[in-house]
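K.L.:
Generate a structure from the sequence data that follows.
(chains A and B)
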Amino acid sequence: MQRPQNPPRGTIDLLSPESLSCRYIENLAQRIFESAGFQEVKTPIFEATEIFVRAAGEASDIVNKEMYTFEDRSGRSLTLRPEGTAGVVRAYLTNGLDRKTKPVKLWYSGEMFRYERSQVGRYRQFRQIGVEIFASGGVLIEFEAITLALKLFQELKIKDLVLEINSVGDFESRKIYQEVLRSFLKEHENKICPDCQKRSESNPIRALDCKIPEDQELYKQAPKIKDYLNNESLEHHKQLIKLLEDFNINYIWNESLVRGLDYYNNTVFEIKTNNKTLANQNTICAGGRYDSLVKDFGGDNTPAFGWALGLERVMQIAEINLKQNIDFFLINELGQENIIEIISLANKLRNLKFKICFDYDNKSPNKQFELAKKLNAEKIIIFKEGKLILKDLLNEKQFVFENSEELIKNII
RNA sequence: GCAGGUGUCGCCAAGUGGUUAAGGCCCUGGGUUGUGGCUCCAGUACCGCGGGUUCGAUUCCCGUCAUCUGCCCCA
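P.N.:
Next up is the predicted model:
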């Protein structure tokens, strides 16, 4: 077989140091979520196809062209999860979390799968870290969830972030608004771009996000969603904005902000980066409120809020500089008959939490020194003429010990 | 699904329609040193794949695949 040139399209291998960055971000996220009392949930990577169809909506792009769907051996239709929320909602109900202390605050981290054209910051298998909160309908939980995300990015030293928020209202008013907007787009059908002509049917609100300047100019006169929000939605939105302002959190009220999934109501938000390396894939975190999804899944009427971030995207702009190293490299100048002593010392030091490597292949001392250097060893221990020499490779200082006990005593 | 760019060793990268396809890095083995990081020697490519043009193609053409970028859409 020929050497394989690439992993499957849209997938990447994560090697050190990127794999270290990945874990670093996950650990940081865990710490931040747990600081706010969130609990981790690990749901299956695949679910019954129906779960995602019901959550994302029959008409959504995710369902129509992006799912990895397959039949198992008994003919069940299963799908690799394209997003995290549906599975978590399912788990919330199947595990009876609706009978636990509320609100239920969950977080997760894991792979998602979408069959789409890969680009910068866009993969067919990608990782998301997210939170889902059930049974709290107010703005406080939204504020907390959003600030947790901001806190995470802040700790990752990611600058130039923009928080965009909007309210898409409740389902009734959104429906009315969509119709009004659709009429507006129909009216100007000959002036707008072909994409927007399509969008006027499929998702009129999305048209407002069009990148074409002429279209943008026209849409300044388009009906505004905030004029169609009912008092409750408007009040909700104002409360959230007030909280953000009270804490000096910068935000943009982006009235054309909509999410790709049908289930959102009232608050939706995105966190975008100005970092050019991600080009148009500059949304690194997005989410919103989805008060009807639990009920749609057969549960009680339960308000919910959540978001997800794209781990690969975050990694690309986070500039985490981690390097794998070892504490001691054991150099054997005495030959293979001495190997028991080497292994014993390695085990003792590893039990003391030191990172230890040594040569397995009877290499010459010279090669062992090179190996120590390549593995970023901070110190070496040389077994020579019945003694142990400890050398610090950073400052060249060295000490001689009679045996390993004496050496260990001086290390700790 | 649509549009454009690219495809020479693990990585980077010269090059030509015609004898053995540069070089650098990395890797492996060895010499020197001998508590290394210098240096020296050696080794590793059927030029993405298939077809065509041609006396002859890695170099020209077509197709295909892969990859990158943009659109749609999205984290």
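K.L.:
dump the residue contacts of the residue at the greatest distance from the centre of chain A.
P.N.:
Among the residues of chain A, the one whose C-alpha is farthest from the average of all C-alpha positions is A:Glu385, by CA atoms, centre = their mean at 53.4 Å. With contact set as CB atoms under 8 Å, 6 or more residues apart in numbering, A:Glu385 has these partners: A:333-334. For glycine as for every other residue, the C-beta is placed from the backbone atoms N, C-alpha and C.
K.L.:
So which residues of the stretch 201-350 of chain A form strands?
P.N.:
In chain order, the stretch 201-350 of chain A shows strands spanning A:252-253, A:265-273, A:283-289, A:304-310, A:326-332, with DSSP state E, counting those that start in this stretch as the criterion.
K.L.:
Dump those strands into JSON lines; add distance to RNA strand B and mean pLDDT as well.
P.N.:
What follows is the strands of the stretch 201-350 of chain A, written out as JSON lines (distance: least, CB to the nearest atom of the strand, whole Å; pLDDT from 0 to 100):
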{"stretch": "strand A:252-253", "distance to RNA strand B": "16", "mean pLDDT": "94"}
{"stretch": "strand A:265-273", "distance to RNA strand B": "6", "mean pLDDT": "93"}
{"stretch": "strand A:283-289", "distance to RNA strand B": "3", "mean pLDDT": "94"}
{"stretch": "strand A:304-310", "distance to RNA strand B": "3", "mean pLDDT": "96"}
{"stretch": "strand A:326-332", "distance to RNA strand B": "8", "mean pLDDT": "92"}
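K.L.:
Same list (those strands) but as TSV, adding distance to A:Glu66 and mean neighbour count.
P.N.:
Below are the strands of the stretch 201-350 of chain A laid out as TSV (distance: least, CB to CB, whole Å; neighbours: other CB atoms under 10 Å):
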stretch	distance to A:Glu66	mean neighbour count
strand A:252-253	28	12
strand A:265-273	19	23
strand A:283-289	16	24
strand A:304-310	15	24
strand A:326-332	43	22
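K.L.:
which regions of the stretch 201-350 of chain A sit below the pLDDT cut-off?
P.N.:
A:260 (pLDDT under 70).
K.L.:
That one against RNA strand B: which residues are in contact?
P.N.:
Those residues of the stretch 201-350 of chain A that sit near RNA strand B, judged by CB under 7 Å from any atom of the strand, are A:203, A:206, A:210-211, A:259-261, A:270, A:279-281, A:283-286, A:308-310, A:312-313.
K.L.:
circling back: JSON lines for the strands of the stretch 201-350 of chain A, including distance to A:His237?
P.N.:
Formatted as JSON lines, the strands of the stretch 201-350 of chain A follow (distance: least, CB to CB, whole Å):
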{"stretch": "strand A:252-253", "distance to A:His237": "9"}
{"stretch": "strand A:265-273", "distance to A:His237": "7"}
{"stretch": "strand A:283-289", "distance to A:His237": "11"}
{"stretch": "strand A:304-310", "distance to A:His237": "14"}
{"stretch": "strand A:326-332", "distance to A:His237": "54"}
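K.L.:
Please name whichever of those strands is nearest to A:Leu161.
P.N.:
When the strands of the stretch 201-350 of chain A are compared for distance to A:Leu161 using CB to CB, the nearest one is strand A:265-273, at 5.7 Å.
K.L.:
so what secondary structure elements neighbour the closest one?
P.N.:
The elements that strand A:265-273 packs onto, with contact taken as 3 or more CB pairs under 8 Å, 6 or more residues apart in numbering; DSSP states H and E, are helix A:139-155, strand A:161-167, helix A:231-246, strand A:283-289, strand A:304-310.
K.L.:
quick one: the fourth one to helix A:231-246, angle?
P.N.:
Relative orientation of strand A:283-289 with respect to helix A:231-246: 140 degrees, computed using axes from the mean of the first three to the mean of the last three CA atoms, to 10 degrees.
K.L.:
Contacts for strand A:283-289 next, please.
P.N.:
Under the criterion CB under 8 Å, 6+ apart, residues A:130-131, A:142, A:145, A:149, A:153, A:161, A:168, A:259, A:264-273, A:278, A:303-310, A:313-314, A:317 lie in contact with strand A:283-289.
K.L.:
cool, and the longest one?
P.N.:
By CB under 8 Å, 6+ apart, the surrounding residues in contact with helix A:139-155 are A:28-29, A:32-33, A:36, A:103, A:131, A:133, A:161, A:163, A:236, A:239-240, A:243-244, A:247, A:249, A:267, A:269, A:271, A:284-285, A:287, A:289, A:305-307, A:309, A:314.
K.L.:
quick one, that helix and strand A:283-289 angle?
P.N.:
Relative orientation of helix A:139-155 versus strand A:283-289 (the same axes, to 10 degrees): 170 degrees.
K.L.:
Show me how far helix A:139-155 is from its chain's centre.
P.N.:
Distance of helix A:139-155 from its chain centroid, counting by CA atoms, centre = their mean, to the nearest Å, is 14 Å.
K.L.:
and if you look at the second one?
P.N.:
Here the centre of strand A:161-167 is set off from its chain's centre by 18 Å, with CA atoms, centre = their mean.
K.L.:
so does it get close to RNA strand B?
P.N.:
No. On the criterion CB under 7 Å from any atom of the strand, strand A:161-167 is out of touch with RNA strand B, staying 11.0 Å away.
K.L.:
Following that strand in sequence, what is the next regular element?
P.N.:
Heading C-terminal from strand A:161-167, the first helix or strand you meet, by DSSP states H and E, is helix A:171-187.
K.L.:
which of the residues in that following helix are buried?
P.N.:
Residues of helix A:171-187 classed as buried under the neighbour-count rule (16 or more other CB atoms under 10 Å) are A:173-174, A:177-178, A:180-182, A:184-185.
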